[in-house]
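> can you look at this prediction? I've put the sequence above it.
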Amino acid sequence: MKKFYPFIGVLVLLVLQGCESTSRSYTKRDAYPLMYEEAVKSILVVPAVNQTTAADAPVLYATTVLPPLAEAGYYVMPIPVVEQLFQQQGITDGSQLREVDTGQFKNLFGADAVLFVTIVRWDTSYYVTGGNVSVGLDFTLVSTTTSQTIWSQAQTLNVETSGNSNDLLVSIIATALNTAFTKYIDLAHDINGAAIRQLPVGPYHPNHRQDGEEPVSHTGRVVNR
């Protein structure tokens, strides 16, 4: 029986290590080590890629992304100026920029990283007695020095706008009103905030390089309200 003791000891050790690894939080440093290796100070936000049928989605979205990035401690190139420069070159959609060497963004704008945003949902849905409003965004931050992806997130926010009344007509009217007053731009603000909270903070934030052990959530999330 003694000859089995070493094997049992190793087995117990492996089980304990497995428990420890599953209970340990997944941290910002685990998820985005390149953010800590590169000295990212400035971010260029290019026009969003629009995969929806809402033609005004990129314009509306562009008004929501700068504040949370600035609050996270990064200098963000002025978005209206950047968009105007791109428009002068005939570029109105971010998909036109996906194949561009990211080093060009560093040469032209002096940015340390470029943020690509894809609008995957910007929809209103109705059914017999209810409805919902949905916004889905994918974020990819790419280094202009190495062209590597150094941070990414994907989140969708669904807001239920159903009237919830026993009276069918009242429910239909209430749903229409709730949906009309649920603004896409508010949902985009919420998604930006939730996603960028997973981003390691920049040099203009008091916790710069001190947040590596903070836990992060999964990079793809759908939130229903």
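That came through, no problem.

> so who does Ala39 touch?
By C-beta atoms under 8 Å, 6 or more residues apart in numbering, Ala39 lies in contact with 112, 203. C-beta: built from backbone N, CA, C; applies to glycine.

> so it, which state does it fall into?
coil (DSSP: H, G, I helix; E, B strand; the rest coil).

> what's the distance between it and Asn50?
Using C-beta to C-beta, to the nearest Å, Ala39 is found at 32 Å from Asn50.

> next one: Ala70
24 Å.

> who has more neighbours out of the two?
Asn50 (22 against 15; other C-beta atoms under 10 Å).

> is it true that that one touches Val117?
No: at 9.7 Å, Asn50 does not count as touching Val117 under the criterion of C-beta atoms under 8 Å.

> after the strand or helix carrying Ser134 comes which helix or strand?
Assessed by DSSP states H and E, Ser134 sits inside strand 130-143. Heading C-terminal from strand 130-143, the first helix or strand you meet, by DSSP H and E, is strand 149-160.

> quick check: mean pLDDT across that following strand?
On average, the pLDDT along strand 149-160 is 89.

> give me the contact list for stretch 192-212.
Against stretch 192-212 from outside (C-beta under 8 Å, 6+ apart): 27-29, 31-32, 35-36, 39-41, 64-65, 68-69, 71-75, 137, 139, 141, 151, 153, 155, 216-217, 219, 221, 223.

> just the buried ones from these?
28-29, 31-32, 35, 40, 64-65, 68-69, 72-75, 137, 139, 141, 151, 153, 155, 216, 219 (16 or more other C-beta atoms under 10 Å).

> tell me how far Gln104 lies from Gln96.
For Gln104, the distance to Gln96 - C-beta to C-beta - is 13 Å.
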